[in-house]
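Test case, fold it:
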Amino acid sequence: MSGDVDGRVDPADATYRRATHDDYDDVEAFTQDTWSDRDGSDYIPRIYHDWIEADDPDRHDQQYTCVAEVDGSVVSIAQTVLLSEHEAWCQGMRTDPDYRGVGIGKELTHEMWDWAREHGATVARNMVFSWNMAGLGHSRGVGFAPATEFRWMHPDPDADAAIPGGYRLSSDVNAAWSYWTASDARAHLGGLGLTDEESWAVSELTRESFAAAADDRELLAVGSDRGTHAVSYRVRDFEREDDDGVEQTYAEYGVAGWDSAAALRALVAGIARDAATLDATATRVLIPETARHVSDASLVRAGISDEPDFVMAADLTADYRGDAHLR
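Got it, this is the predicted structure:
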């Protein structure tokens, strides 16, 4: 049926089920050219079997990788992961180009949401590159709504980075949390920051998020005699090839918020120092996509990604299927 499906495939006729290792060939076939026009490759073929290993029976209540099957062939895939008692993260939503536009991807997304809701989630989120028009359209079409946007800052690791006079660094959890709760960064991001539970995923930050970073990784609070002025925390470090195929060691920071360019200089110096302790060759820091934050980062020459990313959210307490789809 490939290539001639308009009007002939009813989403209700597809089989929606948990993915298996045996589905790899089908999934690889329709994801290998996902971003062929962007000089990049889809990550799903590279991590597919790891996804399924993590989807074993011991984690069936934490993660669900689901597929849609038509006439014996898998034509769509998506995954949802529980990040907290009430937050689900959706990722890897792909549909074979020959089966787009007929509602299979939407039905598969709602299958994910059903599973997440059954496991206590009240909100589901996903992330879409701002240049991914098809992904943005799909997300809105299945029921996600705009939540927030962010950009990456990339300060260079530097063990000798100088802290500007009048500022000091600490790992004071209470100071960091108090600053964050009142910051414009928190307001813009809706309280979200990168989670240590799942790469490329955001969840609601809590005081415990900062305490865990202070205990296990790194929490950075910038203070002075006038109070606390900036905050960030390290999520993880990892190795990955850059766009030129060179292996890099990244130090990744879950959010950064600050009240002035001077405070940002101090925060960037702290991040640069911390990254150097890991022998990192590059960093990635989530910052709010606002004119002030992005221009401040440019002003202090902290390195800025070319484009923002969007976070979308769906209210799982709502009737997202509508009357025609109620079961």
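
Going by C-alpha atoms from here, please, whenever you check contacts or count neighbours.
Fine.

Could you report the neighbour count for the residue nearest to residue 261 when sequence neighbours are not counted?
Of all residues not flanking residue 261 in the chain, residue 296 sits nearest, at 5.5 Å (Cα to Cα, 6 or more residues apart in numbering). Other residues within reach of residue 296, judged by other Cα atoms under 10 Å, total 19.

I'd assumed residue 259 was in contact with residue 296.
No: taking contacts as Cα atoms under 8 Å, residue 296 lies outside contact range of residue 259: 9.9 Å.

next SSE after the helix or strand of the chain with the lowest mean pLDDT?
Using mean pLDDT, DSSP states H and E, helix 44-54 stands out as the lowest-scoring helix or strand of the chain, at a mean of 86. Beyond helix 44-54 in the direction of the C-terminus, DSSP states H and E gives the next helix or strand as strand 63-70.

Check which element follows that following strand along the chain.
Later in the chain than strand 63-70, the nearest helix or strand by DSSP H and E is strand 73-82.

Dump that next one to PDB, restricted to CA.
Extracted in PDB, the C-alpha atoms of strand 73-82 (Å, rounded to 0.1, in the frame of the first residue of the first chain):
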ATOM      1  CA  SER A  73       4.600  -3.200   8.400                       C
ATOM      2  CA  VAL A  74       5.400  -0.600  11.000                       C
ATOM      3  CA  VAL A  75       4.700   2.900   9.700                       C
ATOM      4  CA  SER A  76       4.800   5.100  12.700                       C
ATOM      5  CA  ILE A  77       6.700   5.200  16.000                       C
ATOM      6  CA  ALA A  78       6.800   7.400  19.200                       C
ATOM      7  CA  GLN A  79       8.000   7.100  22.800                       C
ATOM      8  CA  THR A  80       6.800   8.600  26.000                       C
ATOM      9  CA  VAL A  81       8.800   8.500  29.300                       C
ATOM     10  CA  LEU A  82       7.500   9.500  32.800                       C
END
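
Direction included, what does the following helix or strand past that strand pair up with?
Reading on from strand 73-82 to the C-terminus, the next helix or strand found by DSSP H and E is strand 87-95. Within its sheet, strand 87-95 is paired with strand 73-82 (antiparallel), strand 123-129 (parallel), according to DSSP bridges.

Show me what whichever strand or helix holds residue 208 packs onto, helices and strands only.
Using DSSP H and E, residue 208 sits within helix 207-216. The contact analysis (3 or more Cα pairs under 8 Å, 6 or more residues apart in numbering; DSSP states H and E) places helix 207-216 against helix 173-182, strand 218-224, strand 227-241.
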